[in-house]
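Undergrad: whatever this is, show me its structure:
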Amino acid sequence: MVTSRRKPVFQPPEDLLKRRIADLETEVDDLKKRLADATPVRWTGLRGSSALERVIISFDGLVKTIPLPKAFERDKEWLTNGRCGAVDAAFNPSIFRAADGKVWMLYRIECIPFFRFSRVAIVQLNSLFSPVPSTNRILDLPTDYDLYNAEDPRIIQADQHSIEIAYNNGLRQFTASLTYPGFEVTAHKRWDSIAGIHLSEKEKNWTFVSPDRFIYSIDPLVVVSGQSVERTGGKSLQWKRGQLRGGSNLFPLGDHLGQVVHSSVEIAKSKDGPVRQYFAAVVAHNPTTLEPEGISEHPILTGEPCDVYNRPSQHHVVFPCGAMDLGSEVVVSYGLNDMNCALDVFSKQQLTQGIRWL
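TA: Next comes the predicted model:
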């Protein structure tokens, strides 16, 4: 027995459907254009009156797994507590705007066991500073350990066809040139010596102004050009919260170049050693000599109390690595508690007003 289905009560004209689909496609294209053109200075979650408001980048939009060495394959589940290379911490980000206007975020990824297979990844951020997951990739940055233990990436400069970055392997500072937009390494350098300076066991917090010029030490000031010391000395910043170390790239701040730097002090001891509290401050550098001429009277970011276990370190960390100029404001990217990538936006006027000039 053959039955026919009853025709719908209303059958819209075919041309009406086509017009409606065309209207929806136009609407979608318009929304995409508005999103691409949008350059919001503030967005939901960023700081207002509260110093605790910030954006934490969700792991959902970042790299999910670190490929482990073949030597781990046989006992991978046992050696990684069942995590098998899953990313358990993504932190210490550096954001920058490329020559084509796209915003990118370099970041460090870790998996259990921590500090064994660190890598650096990169992802594009949309106009709301959210990751575009399809753009994620792990960078093959040279280290002394078969591309592993690459940590704490910082942008140096970017042009139309390449970017220059700094990173470290936990012991030594590296710089690298990468193609853009392919992000293939074309050259790299491990900094093993500087004339007149005895390098310590660990060297990893230098501030590069260019691939061959950098601030080796902030307080006391040591500026290096090429392989030799360019400038030393300068006024003491008299910061009371530990030794000032490296931080973000430099950005325009009035008549100076601003930089967000970090320091830390010991606040407790645990079974695994000292627990350190981190602080971030803004330093105003002379644009020519790079000599510090002012520093925040008070910290602009402070590490928050947190669980000291089940993550790479037990410290209460704010670790600034990047700063992107928005004109009257600056977006600072930093690692939070050695676990997350965080973003915060600061008014340059407020930063300048909070500086204690020397």
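Undergrad: can you list the low-confidence ranges for this protein?
TA: The chain contains residues with pLDDT under 70 at 1-13, 35-53.
Undergrad: report the contact partners of residue 225.
TA: Contact partners of residue 225, counting by C-beta atoms under 8 Å, 6 or more residues apart in numbering, are 212-213. C-beta coordinates here come from the backbone N, C-alpha and C atoms, glycine included.
Undergrad: so what pairs up with it in the strands?
TA: residue 213, residue 228 (DSSP bridges).
Undergrad: quick one: the strands in the stretch 101-250 of the chain, in order.
TA: 103-111, 119-125, 137-139, 151-158, 162-168, 173-179, 185-190, 207-210, 213-217, 221-225, 228-233, 245-247 (DSSP state E, counting those that start in this stretch).
Undergrad: chain center to the fifth one: distance?
TA: Looking back up the chat, that one is strand 162-168. 12 Å (C-alpha atoms, centre = their mean, to the nearest Å).
Undergrad: over to the last one?
TA: Averaged C-alpha coordinates place strand 245-247 at 13 Å from its chain's average position (C-alpha atoms, centre = their mean).
Undergrad: that older thread, columns distance to residue 311 on top of the strands of the stretch 101-250 of the chain, output as TSV?
TA: Output for those, formatted as TSV (distance: least, C-beta to C-beta, whole Å):
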stretch	distance to residue 311
strand 103-111	9
strand 119-125	17
strand 137-139	20
strand 151-158	15
strand 162-168	20
strand 173-179	25
strand 185-190	28
strand 207-210	26
strand 213-217	29
strand 221-225	33
strand 228-233	38
strand 245-247	21
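Undergrad: those strands: which one's closest to residue 327?
TA: Residue 327 lies closest to strand 103-111 among the strands of the stretch 101-250 of the chain, at 14.6 Å (C-beta to C-beta).
Undergrad: which strand or helix spans residue 23?
TA: helix 14-37 (DSSP states H and E).
Undergrad: check which helices and strands that helix sits against.
TA: Using 3 or more C-beta pairs under 8 Å, 6 or more residues apart in numbering; DSSP states H and E, no helix or strand is in contact with helix 14-37.
Undergrad: just the helices from this protein, written as ranges.
TA: Per DSSP state H, the chain carries helices over the ranges 14-37, 76-79, 348-353.
Undergrad: in a markdown table: those helices, plus mean neighbour count.
TA: Compiled in a markdown table, the helices of the chain are given as follows (neighbours: other C-beta atoms under 10 Å):
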| stretch | mean neighbour count |
| --- | --- |
| helix 14-37 | 10 |
| helix 76-79 | 13 |
| helix 348-353 | 15 |
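Undergrad: got those as TSV, with distance to residue 299 columns?
TA: What follows is the helices of the chain, written out as TSV (distance: least, C-beta to C-beta, whole Å):
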stretch	distance to residue 299
helix 14-37	35
helix 76-79	39
helix 348-353	12
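Undergrad: among the ones you listed, which comes closest to residue 157?
TA: Across the helices of the chain, closest to residue 157 is helix 348-353 (C-beta to C-beta), at 21.0 Å.
Undergrad: for residue 56, the count of nearby residues, please.
TA: Residue 56: 12 surrounding residues under other C-beta atoms under 10 Å.
Undergrad: nice, that's everything, thank you.
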